[in-house]
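*Asks:* make a model of this:
(2 chains)
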Amino acid sequence: GESVGLHLPTLSVQEGDNSIINCAYSNSASDYFIWYKQESGKGPQFIIDIRSNMDKRQGQRVTVLLNKTVKHLSLQIAATQPGDSAVYFCAENRPGSARQLTFGSGTQLTVLP
Amino acid sequence: NAGVTQTPKFRVLKTGQSMTLLCAQDMNHEYMYWYRQDPGMGLRLIHYSVGEGTTAKGEVPDGYNVSRLKKQNFLLGLESAAPSQTSVYFCASTPVQGGAFFGQGTRLTVV
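*Replies:* Modelled structure (predicted):
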């Protein structure tokens, strides 16, 4: 079946460095993508989204890049802070799916002091 | 503005017992979902609803039932709990445009 997957299950970065979390998706029909952050013991928290008619979208310290040619999504976090340590999930939405989201298995980001 | 609220936060059940998880949202969202999250896996969709009075099966619906009698509430029921249903359950709601908002989760253990 179709799935959303992440290249790396864990990522460690030094505080102040930039982080890049990658995600591959397999359904070319997906038209909406979201990145979520989940801290331990909490529910997923919306970070940023992007529609398939865009290649890049920026938020506060975060940027999402979408490469439809290779079905790849990435989340860039600038000047990573200790509070950014969490599991990050990408999710895709397919047209006509009642806005259902298909989630990847997540990447654990650890920020080192 | 509370967002999405789930009750209870924790529960331990014996095999064969039943229970209902309640999800309430105060954002007037049409779409609501129940997911389960197991270690090392992403969230998997159990059931969802596109509006009051409607429900539909997701990816892993077996052993669960749902009801959406009121727009703001989405109930998830386990009629006869099994150890395989030990998981963390998340409710979410979605506006017509934009991403889903999640509750804080219910940690369920079936012994």
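*Asks:* so who does the closest residue in space to B:Tyr48 that isn't next to it in sequence touch?
*Replies:* If you skip the residues right next to it in sequence, B:Tyr48 has B:Tyr33 as its closest partner in space, 4.4 Å away by CB to CB, 6 or more residues apart in numbering or on different chains. Heads up, the C-betas are built off the backbone N, CA and C, glycines and all. With contact set as CB atoms under 8 Å, 6 or more residues apart in numbering or on different chains, B:Tyr33 has these partners: A:100-101, B:45-49, B:58, B:74, B:91-94, B:100.
*Asks:* any idea what B:Tyr33 is bridged to?
*Replies:* Under DSSP bridges, the beta-bridge partners of B:Tyr33 are B:Tyr48, B:Ala92.
*Asks:* same check, this time on B:Thr20
*Replies:* With DSSP bridges as the rule, B:Thr20 is bridged to B:Gly77.
*Asks:* from what I see, it and B:Glu79 are in contact.
*Replies:* No - with contact defined as CB atoms under 8 Å, B:Thr20 does not reach B:Glu79; the gap is 9.8 Å.
*Asks:* now the strands for chain B?
*Replies:* With strands called from DSSP state E, chain B shows them at B:4-7, B:10-13, B:19-25, B:31-37, B:43-49, B:56-57, B:65-67, B:73-78, B:87-94, B:101-102, B:106-110.
*Asks:* TSV please, covering those and showing mean pLDDT.
*Replies:* Below are the strands of chain B laid out as TSV (pLDDT from 0 to 100):
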stretch	mean pLDDT
strand B:4-7	96
strand B:10-13	96
strand B:19-25	97
strand B:31-37	95
strand B:43-49	94
strand B:56-57	94
strand B:65-67	97
strand B:73-78	98
strand B:87-94	96
strand B:101-102	94
strand B:106-110	97
